[in-house]
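Q: give me a model of this one.
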Amino acid sequence: MSRWRAALPLILLLLAGIVLYASGSLDQLTPQRLVAHQGELHAQIAAHPWLSRLAYIGLLTLTMATGIPGTIVVILAGGFAFGVVDGTLCSSAGLTLGSLILYLASRYAFGAGSRQPPAIAARLHHGFERHPVSYAMFLRLVPIVPFGAVTVALAWLRCPLWLFIAATWLGGTLTLIFETLIGAGLGSVMRQSSSFGFSLFMHQEILLPLAAMALLALLSLLIERIVRRRRQARPPGD
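A: Numbers count the residues shown, from 1 in each chain. Next up, the predicted model:
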């Protein structure tokens with residue numbers, strides 16, 4: 001019974017995510033729908049600037065805390081609705097708060113970590129034990145696995161709370177800047193063209209942030225590989 005009690009917060013979060021995803025609520029945030037109702041959307045934001053931003057932060061917090069797929073749709077919508085600066089700031093707050101909730105629920109569910117870890121946590125364990133700071137930052141910067149899965153894995157690895165918050169905020173915000181730019185760019189391009197297809201991604205408003213995200217991921221991988229080779233080249237005992 002104690003195991004079920006410890007896992008209850010995490011189970012409730014996962015159930016809330018399933019309900020939210022199955023309800024189709026996130027479908028209202030697709031670029032096509034946002035462009036179709038952009039006049040009403042921006043009028044509501046202008047009339048209720050703080051309430052609209054708090055509502056957006058709350059929605060992103062919920063999606064991050066439940067770990068459901070489709071979070072990128074919410075972030076793109078934030079860029080479309082609030083612009084790059086406000087969208088990034090609000091998304092950073094929602095991403096950090098939601099990830100923290102999922103992390104704390106997972107830590108409570110896992111307890112002392114006496115049970116067998118998930119496969120992803122087992123693969124990450126060796127690298128994290130040797131270099132926790134660089135490993136946590138690397139996982140947040142490079143989209144190897146979904147953001148929620150990394151959060152759960154870091155909770156199982158008993159990543160210190162301060163390190164988790166720092167890596168999530170810094171690594172997540174760097175990625176959010178480009179994702180928000182893409183959202184704002186989609187809004188700008190789709191105001192001129194009602195069709196949604198691959199050709200949209202050829203516009204510089206979208207293509208440049210996508211290229212920057214790819215470059216950031218490649219740069220992180222390159223730095224991690226260089227650091228790993230230097231550590232392997234060190235004589236034993238150094």
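Q: can you list the buried residues in the helix or strand containing residue 186?
A: Secondary structure assignment for residue 186, by DSSP states H and E: helix 161-190. Buried residues in helix 161-190, counted by 16 or more other CB atoms under 10 Å: 164, 167-169, 171-187, 189-190. C-betas here are computed from N, CA, C, even on glycine.
Q: helices and strands of the protein: which one bottoms out on pLDDT?
A: helix 119-130 (a mean of 58; mean pLDDT, DSSP states H and E).
Q: backbone dihedrals for residue 48, please?
A: phi -130, psi 70 (degrees, to the nearest 10).
Q: can you check the one 5 residues further on too?
A: Dihedral pair for residue 53: phi -70, psi -40, per degrees, to the nearest 10.
Q: excluding chain neighbours, give the residue nearest to it in space.
A: Closest residue in space to residue 53, ignoring its immediate chain neighbours: residue 90 at 5.3 Å, by CB to CB, 6 or more residues apart in numbering.
Q: so what secondary structure elements neighbour the helix or strand harbouring the one you found?
A: Assigned by DSSP H and E, residue 90 belongs to helix 71-110. Counting contacts by 3 or more CB pairs under 8 Å, 6 or more residues apart in numbering; DSSP states H and E, helix 71-110 is packed against helix 2-23, helix 31-36, helix 38-47, helix 49-66, helix 147-156, helix 161-190.
Q: so where's this protein shaky on pLDDT?
A: For the chain, the stretches with pLDDT under 70 are 1, 3, 112-145, 187-238.
Q: ok, now with 50
A: 113-114 (pLDDT under 50).
Q: next, the contact list for the residue nearest to residue 53, please.
A: Residues near residue 90 by CB atoms under 8 Å, 6 or more residues apart in numbering: 53, 56-57, 60, 78, 82.
Q: who wins for most neighbours among the residues you listed?
A: Most neighbours among the contacts of residue 90, by other CB atoms under 10 Å: residue 78, with 29 neighbours.
Q: what's the neighbour count on the residue nearest to residue 110 when sequence neighbours are not counted?
A: In space, and not counting its chain neighbours, residue 110 is closest to residue 156: 5.3 Å by CB to CB, 6+ apart. By other CB under 10 Å, 21 other residues sit near residue 156.
Q: from what I can see residue 156 touches residue 108, true?
A: No: applying CB atoms under 8 Å, one finds residue 156 not in contact with residue 108, separated by 11.9 Å.
Q: list the buried residues in stretch 19-27.
A: For stretch 19-27, burial by neighbour count (16+ other CB under 10 Å) applies to 20, 26.
Q: quick one: end-to-end distance for that stretch.
A: Stretch 19-27 has its terminal residues 14 Å apart, counting by CA to CA, to the nearest Å.
Q: and for that stretch, what are the contacting residues?
A: Stretch 19-27 has contacts (CB under 8 Å, 6+ apart) with 33, 62-63, 66, 68-70, 73-74.
Q: if you set the cut-off to 6 Å instead, what comes out?
A: 68, 70, 73 (CB atoms under 6 Å, 6 or more residues apart in numbering).
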